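Student: Here is my input, please return the structure:
(chains A and B)
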Amino acid sequence: MSQIILENISKSYGPLLAAQDISFEVSKGEIFGLIGPDGAGKTTLFRILATLLLADSGTARICGLDCVKEYRQIRKIIGYMPGRFSLYQDLTVEENLEFFAAVFGSSIKANYDLIAPIYVQIEPFKNRRAGALSGGMKQKLALCCALIHKPEVLFLDEPGTGVDPVSRQEFWEMLASLRAHGITMLVSTPNMDEAELCDRVALLQKGKIMAIDTPKGITSGFKSPLLAVRSVDMYQLIKDLRDMEGVADCYAFGEYAHLKFRESTTLSLTLTNEILAFLNAKNHQNIEIKPVQATIEDCFIEFIKH
Amino acid sequence: MSIISTEKLTRSFGAFTAVNAITFDVKEGEIFGFLGANGAGKTTALKMLTGLLAPTSGKAMVAGYDVWREPEQVKRRIGYMSQRFSLYEDLTIRENIRLFGGIYGLRLADIKTKTARLLEKLALEADADKLVGALPLGWKQKLAFSVALLHEPRIVFLDEPTSGVDPLTRRQFWELIYEAAHIGVTLMVTTHFMEEAEYCGRVSMMVDGRIEALDTPRNLKTQYDAKNMDEVFRKIARG
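Tutor: From the prediction side, this is the model:
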């Protein structure tokens, strides 16, 4: 059975449509990602599901409970880690954890097993005030506080923002281990590369869902032939390639430019040689061309453009 | 030619050495990524390079001036843009441009010409008298970058310039960065997002106050046998 069910949820703030007819379901133990930039509507959905905001229309249910009528029961079974650090900065690590356990009528002892793998990393600092922790440690504490009452469903709003790649990876490893406890997780991120760490994702833009699928399912929907190209002068390279016959799109992609052809085009050595000749004629140096698999980011760009 | 050149640049706070004898050069027109974990010393190093904090020892030349002896000369020749603070949300686009132009000592006539050129380039003419707070994030960032270039600085410091924007807007932003580098402006980018690091010509990685690695993203990936910069970062930072 689905632990989270959204049906036609809409919410606007004045003229701004923050969520437009959003529907999806998340099953037990699944890590479901809401992937989209700032302003896509990710936080609005979290606030509706966490019973902190009323939708204009549509229904949302968590573990069979209605987010409007049964909000009291829902609050007992969810954990919510908001995007902004929202623990008590002037309480110590241990005091924060004790406080959140007490609010839910529990204790650190009762659910220690669940948080132990995370908490041991910050336990050496348990007498330090939360405000004095580093970004990565703040997050681990916030996660512990969101887990201390053993929730069925965990909401994580942009846990990767403001922390370095080491802490970010550790954080995702922790989420993966929580899956073993059967906890259902809804996690948001503006970083396309984090999408691959989710079981399924919804790509969001301006309050609308552009696609819902497994990360593999989304990338396999990208039908246009794609090449990665680089030369010494990337600025000029992108400009030049956009003028080439048969090119559907060209954009910077890390140290390469991604060159997208129309769907009818087939990748071949002839095509590569044509591009090479085209670029040589424009005096590009150290040219490199290789076929490349589309990433979630390529798909996202394609969805926005259409 | 080097636009930034440091020699054993060091800064201590009491017994703690935040930046420990870093020596590196940034070439004119280069897009240089300045990376490091939380607490590695990036912010302290940047404060010294922008003339906001005096070094404890060592030396740094930025745009031809010594950051310790001539910090005011340095400040005049650099631009700065951060995601957190760049423009005043309760001023209009035109007012923001005029304010920053004035702060950098441009003459009113110059500000007028530059305002017109900037608005045309960003196709924001119709919105010039709208509050910056009402603009979408991507537009704010493009505008903030253009304003940071207003006084024609030789180097612009960018702090996590594109985090939070959609992939298409990020591309448009990086094209502005490439364009600036193309005309010889140096870009120094600090970021936690290795996606942004991949766009840089060369990157440095700070660990515990020292520069642990410095090379092109491509060479670093080969050297650390990593498939992307995220993996390079983790391998270096975890030691």
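
Student: Quick one: name the residues of chain B near chain A.
Tutor: When proximity is defined as Cβ under 8 Å from any Cβ of the partner chain, chain B approaches chain A at B:36-39, B:136-137, B:163-169, B:171, B:174-175, B:178-179, B:181-182, B:192-195, B:198-199, B:216-218, B:228-230, B:233-234, B:237-238. The C-beta positions use only the backbone N, C-alpha and C, and glycine is treated the same way.

Student: Of those, which belong to strands?
Tutor: Using DSSP state E to define strands, the subset of the residues of chain B next to chain A located there is B:Gly36.

Student: Next up, the contacts around the residue of chain B found nearest chain A.
Tutor: Ranking the residues of chain B by distance to chain A (Cβ to the nearest Cβ) places B:Glu198 first, at 3.2 Å. Contact analysis of B:Glu198 by Cβ atoms under 8 Å, 6 or more residues apart in numbering or on different chains lists A:Gly254, A:Glu255, B:Pro217, B:Asn228, B:Met229.

Student: What residue spans form the domains of chain B?
Tutor: Listed by automatic domain parsing, the domain ranges of chain B are B:2-77+B:154-238, B:88-152.

Student: By neighbours, which of the contacts of B:Glu198 wins?
Tutor: For the contacts of B:Glu198, neighbours were counted using other Cβ atoms under 10 Å in any protein chain shown, and B:Met229 has the most, 28 neighbours in all.

Student: how near is it to B:Thr216?
Tutor: When Cβ to Cβ, to the nearest Å is the yardstick, B:Met229 and B:Thr216 sit 11 Å from each other.

Student: shared neighbours of these two, which are they?
Tutor: Taking Cβ under 8 Å, 6+ apart as the contact rule, the neighbours common to B:Met229 and B:Thr216 are B:Val203.

Student: Let me see the contact set for residue 5.
Tutor: Using chain A. Under the criterion of Cβ under 8 Å, 6+ apart, the neighbours of A:Ile5 are A:Glu25, A:Thr59, A:Ala60, A:Arg61, A:Ile62.

Student: wait, I meant chain B there
Tutor: The neighbours of B:Ser5, taking Cβ under 8 Å, 6+ apart as the test, are B:Asp25, B:Val26, B:Ala60, B:Met61.

Student: Would you mind listing the buried residues in the helix or strand that contains the second one?
Tutor: Think B:Val26. According to DSSP states H and E, B:Val26 maps onto strand B:16-27. Judged by neighbour count (16 or more other Cβ atoms under 10 Å in any protein chain shown), strand B:16-27 contains these buried residues: B:Thr17, B:Ala18, B:Val19, B:Asn20, B:Ile22, B:Phe24, B:Asp25, B:Val26.

Student: now do stretch B:149-160
Tutor: With the criterion 16+ other Cβ under 10 Å, stretch B:149-160 contains buried residues B:Leu149, B:Leu150, B:His151, B:Pro153, B:Arg154, B:Ile155, B:Val156, B:Phe157, B:Leu158, B:Asp159, B:Glu160.

Student: Help me confirm that A:Lys138 is found in a strand?
Tutor: No: under DSSP: H, G, I helix; E, B strand; the rest coil, A:Lys138 sits outside any strand and is assigned helix.

Student: residues near it, how many?
Tutor: The burial count for A:Lys138: 22, using other Cβ under 10 Å.

Student: how about A:Asp193, secondary structure?
Tutor: Secondary structure assignment for A:Asp193 (three-state DSSP): helix.

Student: wait, isn't it in contact with A:Asp298?
Tutor: No: using Cβ atoms under 8 Å, A:Asp193 makes no contact with A:Asp298, being 11.9 Å away.

Student: Neighbour count: those two, which is higher?
Tutor: When A:Asp193 is set against A:Asp298 and neighbours are counted by other Cβ under 10 Å, the residue ahead is A:Asp298, at 23 against 17.

Student: Closest approach to chain B from the stretch 201-306 of chain A, which residue is it?
Tutor: Counting by Cβ to the nearest Cβ, the stretch 201-306 of chain A gets nearest to chain B through A:Gly254 (3.2 Å).
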